[in-house]
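J.: I would like the atomic coordinates for the input below:
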Amino acid sequence: MGSLSYFLGLQAQFTATGLFLNQAKYATDILEAAGMLDCAPMPTPLPLQLDRVPHQDELFTNPKYFRSLAGKLQYLTLTRPDIQFAVNLVCQKMHEPTLSDFHLMKRILRYLKGTLEMGLTLESNTDTQLLCFLTALADKVAASGFYVVVPDYFYGDPYDPSHQDRPVPVWIKDHSPDKGFEDTKPVLEAIKNKGITAIGAAGMCWGGKVVVELSKEELIQAAVLLHPTYVTVDDIKDVKVPIAILGAENDFLTPPALVKQFEEILASKPEVGSYVKIFPNVSHGWTTRYDINDPEAVKAAEEAHKEMLDWFVTCVQ
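T.: Next up, the predicted model:
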């Protein structure tokens with residue numbers, strides 16, 4: 001039968017490192033069914049303020065058509081986690097949709113128009129636990145109306161402490177923050193080409209250094225550092241955009257004493273908005289690697305995620 005390439009609306013492309021799945025043809029068929037093949041794309045699947053969508057009390061006159069499109073969109077979420085929240089939101093209204101609900105559905109379709117080639121990359125050496133956590137976090141941000149991009153700066157080669165032949169000093173030679181900073185520039189350019197003018201960036205661990213460098217050159221409009229590494233006092237002195245720093249009480253890489261120094265420097269720069277918090281009883285990496293069966297660990301991670309999102313809602317207009 002040969003290699004899998006297309007099955008039940010799923011397109012599969014084998015790569016040197018794994019498998020890429022998407023549903024571009026299926027998404028195009030949905031746009032055609034909705035009469036929106038030539039619609040103008042939107043940068044996000046939902047508006048930032050859902051309560052301001054008009055006609056919330058006016059029933060949609062063709063609920064059967066609404067349910068048909070909603071069902072099609074549900075199947076599309078197999079390879080599009082970026083629309084899962086938005087699709088789930090409109091599907092909750094299938095019984096008695098309003099004109100407002102239909103406007104939201106059309107917003108999702110317009111977002112699809114500009115992102116037809118997006119999908120899932122499954123790599124043979126992917127850190128699946130970390131990927132799941134990051135995907136869930138990206139979904140939270142997207143659900144608030146933001147366009148979210150999660151680049152793989154490690155190109156399928158994340159740091160793995162179990163690989164004793166590649167300790168951090170060896171691994172970092174192939175994945176320096178300086179390289180991450182340069183890799184980010186074309187990503188930002190691509191986002192701006194979609195018509196998005198205000199960009200916020202969050203950096204965890206190694207990514208904190210990348211985000212700081214972006215902040216120093218004002219390539220973004222807001223920054224959040226979560227348990228960062230490699231960030232120095234001099235870096236913080238040169239930050240030029242609003243920045244939030246979320247540190248951990250038990251972090252030997254960026255200890256609380258250093259985070260306090262960051263806070264003091266930012267307090268001396270009133271022209272730069274800032275927010276600094278040290279989370280108690282957590283360790284380095286607590287926002288992306290935690291035991292989902294530990295209620296306290298989950299609570300701490302979710303609190304940090306909310307702080308991050310609140311900062312972006314405040315600073316990214």
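J.: From what I see, Pro41 and Gly114 are in contact.
T.: Yes. Judged on C-beta atoms under 8 Å, Pro41 makes contact with Gly114 at a distance of 2.8 Å. In short, each C-beta sits where N, CA and C put it, glycine included.
J.: In terms of neighbours, single out the busier of the two.
T.: The residue with more neighbours, out of Pro41 and Gly114, is Gly114; 17 against 14, by other C-beta atoms under 10 Å.
J.: what packs against the helix or strand where Val87 lies?
T.: Element membership of Val87, judged by DSSP states H and E, is helix 84-91. If you count contacts as 3 or more C-beta pairs under 8 Å, 6 or more residues apart in numbering; DSSP states H and E, helix 84-91 packs onto helix 63-76, helix 99-113, helix 128-143.
J.: Mean confidence (pLDDT) on that helix, please.
T.: The average pLDDT for helix 84-91 rounds to 84.
J.: Next, the angle helix 63-76 makes with it.
T.: When axes from the mean of the first three to the mean of the last three C-alpha atoms, to 10 degrees is applied, the directions of helix 84-91 and helix 63-76 differ by 160 degrees.
J.: mind checking the end-to-end distance for stretch 57-64?
T.: Distance between the boundary residues of stretch 57-64 (C-alpha to C-alpha, to the nearest Å) amounts to 18 Å.
J.: With distance to Val150, mean neighbour count and mean pLDDT added, can I get the helices and strands packed on helix 84-91 in TSV?
T.: Shown next, in TSV, are the helices and strands packed on helix 84-91 (distance: least, C-beta to C-beta, whole Å; neighbours: other C-beta atoms under 10 Å; pLDDT from 0 to 100):
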stretch	distance to Val150	mean neighbour count	mean pLDDT
helix 63-76	19	17	90
helix 99-113	16	20	93
helix 128-143	5	16	62
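J.: how about these, which one is nearest Lys192?
T.: Comparing the helices and strands packed on helix 84-91 against Lys192 with C-beta to C-beta, the closest turns out to be helix 99-113 (17.1 Å).
J.: next one: that closest one to chain centre, how far?
T.: 20 Å (C-alpha atoms, centre = their mean, to the nearest Å).
J.: And for stretch 306-317?
T.: Stretch 306-317 sits 13 Å away from the centroid of its parent chain (C-alpha atoms, centre = their mean).
J.: neighbouring contacts of that stretch?
T.: By C-beta atoms under 8 Å, 6 or more residues apart in numbering, the residues outside stretch 306-317 that reach it are 48, 140-141, 144, 146, 198-200, 202, 221-222, 224, 226, 242, 244, 246, 273, 275, 277.
J.: What degree of burial does Gln261 show, as a neighbour count?
T.: Residues near Gln261, counting by other C-beta under 10 Å, number 14.
J.: Correction: the previous question concerned Met204.
T.: 26.
J.: List the beta-bridge partners for it.
T.: On the basis of DSSP bridges, Met204 is bridged to Leu226.
J.: quick one: contacts for it?
T.: Neighbouring residues of Met204 by C-beta under 8 Å, 6+ apart: 226-228, 285, 287-288.
J.: got TSV for the helices and strands packed on helix 84-91, with distance to Thr184 too?
T.: Converted to TSV, the helices and strands packed on helix 84-91 look like this (distance: least, C-beta to C-beta, whole Å):
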stretch	distance to Thr184
helix 63-76	29
helix 99-113	23
helix 128-143	16
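J.: Can you show me the strands along this structure?
T.: With DSSP state E as the criterion, the chain has strands at 6-7, 10-14, 18-22, 119-123, 200-205, 222-228, 243-250, 274-283.
J.: which residues of this structure score low on pLDDT?
T.: 1-7, 17, 122-136, 139-140, 142-145, 147, 152-156, 158-162, 317 (pLDDT under 70).
J.: how many degrees apart are the longest helix seen in it and strand 243-250 in direction?
T.: If you go by DSSP state H, the chain has its longest helix at helix 295-315. Put simply, helix 295-315 runs at 170 degrees to strand 243-250, going by the same axes, to 10 degrees.
J.: Noted, bye for now.
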